[in-house]
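In: Kindly return the folded structure for what I paste below:
(chains A and B)
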Amino acid sequence: MRVVVICGHGDNHVEPVEIEPNVYEIAPTGEMRVPARVYGSESLVEAMRTADDQTLAQIQDVATLPGIQQFAVVLPDGHRGYGFPVGSVAAVDADDGVISPGGVGFDINCGVRLLRTGLTFQDVAGRESMLADRLFQTIPTGLGPGSSLDTDISDVRGVLETGVEWLLNEGHARKADLEHCEENGRLPGDPNAVPTEALKRGVDQVGSLGSGNHFLEVQRVSEVYDSAAAAAFGIDLDEIVVMIHAGSRGLGHQTCSHYIDEFERAYPDLAESLPNEQLVYAPLSDRLAGEYRSAMNAAANFAWANRQVMTQAVREVFSDLFEEADVQLVYDVGHNIATEEHHAVGDDEQTLLVHRKGATRALPAGHPDVPDAYADIGQPVFVPGDMGSRSYVLAGGSRSLERSFGSAPHGAGRAKSRTQASREYAAGELQQALRARGIFVRAQSGETLTEESPGAYKNVDEVVHVCHELGLGTKVAQTTPLANIKG
DNA sequence: ATGTCC
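Out: So this is what the prediction gives:
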């Protein structure tokens, strides 16, 4: 490995050293308290080093955070984000550490869920275009208001407090939906910690897809790598599944912005001392950290509920079109959240606050937080590719705890900026090209299509290969797109 | 990601 000089925020001269295949480490320099650990193939890590991507400088800055443990992690899909890279993990001591909104992301608890339908490709063949139309008509997409559930402020407060449980009580979820959702779709959220303006934005957005890289995709299981695991997840070759990628909409975004402002006001000297002001944080012992956590958890509940309400819409559409459809939740897992967890650090077990930003929790078989049905397999992990490519179903790997605090990649990872992608691609051509391959795409905006063009993403096969080889998540199945709706 | 600039 040759020596590479990164010109980051502090002119850090770093040498990412390959310590084993697909594992790179940057030794602590300057204010770094721990090393930075980068997982990726040579070409993926090389992409992180290009002049316009500050991923490696960012993760070194993250490694300076008070209370950070072991190493700051970049996953194979990592790329530049607000303060922290998208595709990073930072675990801090639950007592002496800090919480940083930049380590969670603006779209709080954005995540992915997978539904199985009980249908095979033969059942839907020839009706993909109609399916795309019906889903697009039924589920609100794009920026701004649009809800598939009639709610008022007090309903949203209920959602913020108890998440999917609130929907179950209101008849918008099945008990099995709770059991197959990370944290049972509920973290200890406090609606009173969510700013009123955010709450108002949430009223019209329960059960809405959003924009950008969010999507709802009908897929066909095109390959099974591990038939025992696939059977446990209830999916089979040629089965039709639905993947939903969405978050907490304007509510989460507004909540994040609000607390970044609050943190900046409360700690005016902090920004000056930080390598990057976007890393603004609050010590976990401070009242403000507790408030942010309560708000973040509430927004997380909103995100789970949002994906649940869209699931209900999918159930309606499928039962309308296919008598024999039985839409069930395989699993739902977020990738923008900080949760308190117990981890082995050296010889000790320690309580840590694990920031995952664009990183999926990937708990191995036997872990107590894996649903009973999957206890022997590991937690389901979903890695969507770009619009035109396959997606993967994985199971939390045996080495994820030691390597990444129990985390895996969350997608292909952006390779080109939105603006760059918009310049290079045309919406009409893209839609036609996909259609020629049997993929029916519906989107509110042509701009979204070009920004999300397959060419704007890294190769998902390569990301998943690294993930599998490292034991972060092991391959269970591959899916290919049939119909995709976007914002 | 986001009523993409209160």
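In: What distance do you get for the closest residue to residue A:487 other than its chain neighbours to residue A:451?
Out: In this structure, residue A:487 finds its nearest non-sequential neighbour in residue A:211, 3.1 Å apart by Cβ to Cβ, 6 or more residues apart in numbering. (C-beta placed from N, C-alpha, C; glycine too.) Noted for residue A:211: a distance of 9 Å to residue A:451, by Cβ to Cβ, to the nearest Å.
In: rewinding a little: dump the residue contacts of the residue nearest to residue A:487.
Out: With contact taken as Cβ atoms under 8 Å, 6 or more residues apart in numbering, residue A:211 is in contact with A:141, A:142, A:143, A:444, A:445, A:448, A:486, A:487.
In: hmm, try it at 7 Å
Out: Applying Cβ atoms under 7 Å, 6 or more residues apart in numbering, one finds that residue A:211 lies in contact with A:142, A:143, A:448, A:487.
In: Which of those are buried? Put it as a ChimeraX command.
Out: Restricted to buried positions by 16 or more other Cβ atoms under 10 Å, the ChimeraX selection for the contacts of residue A:211 reads:
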select /A:142,448,487
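In: of the contacts of residue A:211, list those near DNA strand B.
Out: The subset of the contacts of residue A:211 within reach of DNA strand B, by Cβ under 7 Å from any atom of the strand, is A:143, A:487.
In: Mind picking the two most distant members of the contacts of residue A:211?
Out: The most widely separated members of these, counting by Cβ to Cβ, are A:143 and A:448 (9.3 Å).
In: tell me, what's touching these two both at once?
Out: A:211, A:487.
In: Show me which residues of chain A sit near DNA strand B.
Out: Checking chain A against DNA strand B by Cβ under 7 Å from any atom of the strand, the hits are A:106-107, A:110, A:143-144, A:197, A:200-201, A:205, A:210-214, A:247, A:249-250, A:253-254, A:445, A:447, A:452, A:487.
In: longest helix anywhere in chain A?
Out: helix A:287-321 (DSSP state H).
In: so how far is that one from its chain's centroid?
Out: Relative to its chain's centre, helix A:287-321 lies at 13 Å (Cα atoms, centre = their mean, to the nearest Å).
In: Can you give me the buried ones in that helix?
Out: A:288-289, A:291-315, A:317-318, A:321.
In: same thing with stretch A:148-161?
Out: Neighbour counts over stretch A:148-161 (16+ other Cβ under 10 Å) mark A:148, A:149, A:151, A:155, A:156, A:157, A:158, A:159, A:160, A:161 as buried.
In: so the second one sits right up against residue A:309, yeah?
Out: In other words, residue A:149. Yes. Taking contacts as Cβ atoms under 7 Å, residue A:149 lies within contact range of residue A:309: 4.9 Å.
In: any common contacting residues for the two?
Out: Between them, residue A:149 and residue A:309 share these contacting residues under Cβ under 7 Å, 6+ apart: A:172, A:206, A:207.
In: closest to residue A:382 among the residues you listed?
Out: Closest approach to residue A:382 among these (Cβ to Cβ): residue A:207, at 20.0 Å.
In: For that closest one, give its distance to DNA strand B.
Out: Separation of residue A:207 from DNA strand B (Cβ to the nearest atom of the strand, to the nearest Å) stands at 13 Å.
In: Helices along the stretch 51-200 of chain A, start to end?
Out: Secondary structure of the stretch 51-200 of chain A, counting by DSSP state H, counting those that start in this stretch: helices at A:55-62, A:121-124, A:128-138, A:153-162, A:164-169, A:175-179, A:196-203.
In: Let's have the ones you listed in a markdown table, adding mean pLDDT and distance to residue A:231.
Out: Formatted as a markdown table, those follow (pLDDT from 0 to 100; distance: least, Cβ to Cβ, whole Å):
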| stretch | mean pLDDT | distance to residue A:231 |
| --- | --- | --- |
| helix A:55-62 | 96 | 38 |
| helix A:121-124 | 98 | 18 |
| helix A:128-138 | 97 | 26 |
| helix A:153-162 | 98 | 33 |
| helix A:164-169 | 98 | 25 |
| helix A:175-179 | 98 | 17 |
| helix A:196-203 | 96 | 38 |
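In: okay, those, which one's buried deepest?
Out: Ranked by mean neighbour count, the helices of the stretch 51-200 of chain A are led by helix A:55-62 with a mean of 27 (mean count of other Cβ atoms under 10 Å).
In: CA-only coordinates of that one in PDB, if you can.
Out: Taking Å, rounded to 0.1, in the frame of the first residue of the first chain, the C-alpha atoms of helix A:55-62 are listed here in PDB:
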ATOM      1  CA  THR A  55     -14.500  10.500   3.600                       C
ATOM      2  CA  LEU A  56     -11.200   9.600   5.100                       C
ATOM      3  CA  ALA A  57     -10.600  13.100   6.500                       C
ATOM      4  CA  GLN A  58     -14.100  13.000   8.000                       C
ATOM      5  CA  ILE A  59     -13.600   9.600   9.800                       C
ATOM      6  CA  GLN A  60     -10.300  10.900  11.300                       C
ATOM      7  CA  ASP A  61     -12.200  13.900  12.700                       C
ATOM      8  CA  VAL A  62     -14.900  11.500  14.100                       C
END
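In: Contacts for it, please.
Out: Counting by Cβ under 7 Å, 6+ apart, A:6, A:8-9, A:12, A:14, A:16, A:26, A:32, A:36, A:48-49, A:72, A:74, A:78-80, A:84-85, A:88, A:90, A:275-276, A:279 sit against helix A:55-62.
In: Take these and keep only those in strands.
Out: A:26, A:36, A:72, A:74, A:78, A:79, A:88, A:90 (DSSP state E).
In: Taking the centroid of chain A, which residue is nearest it?
Out: Centroid-nearest residue in chain A, with Cα atoms, centre = their mean: residue A:335, separated by 2.9 Å.
In: pLDDT at that one, what is it?
Out: pLDDT for residue A:335: 98.
In: need the contact list for the residue nearest to it when sequence neighbours are not counted.
Out: Excluding the flanking residues, the one nearest residue A:335 by Cβ to Cβ, 6+ apart is residue A:410, at 4.0 Å. Residues near residue A:410 by Cβ under 7 Å, 6+ apart: A:77, A:87, A:335, A:358, A:359, A:360, A:383.
In: Just the pLDDT for residue A:17.
Out: 95.
In: what's the answer for the one 5 residues further on, then?
Out: Among the per-residue scores, residue A:22 shows a pLDDT of 98.
In: In this structure it contacts residue A:42, no?
Out: No. With contact defined as Cβ under 7 Å, residue A:22 does not reach residue A:42; the gap is 8.6 Å.
In: how near is the nearest residue to residue A:328 once chain neighbours are set aside to residue A:130?
Out: The shortest distance from residue A:328 to any non-neighbouring residue, by Cβ to Cβ, 6+ apart, is to residue A:116 (5.5 Å). For residue A:116, the distance to residue A:130 equals 20 Å [Cβ to Cβ].
In: Over to residue A:452?
Out: Residue A:452 sits 23 Å away from residue A:130, going by Cβ to Cβ.
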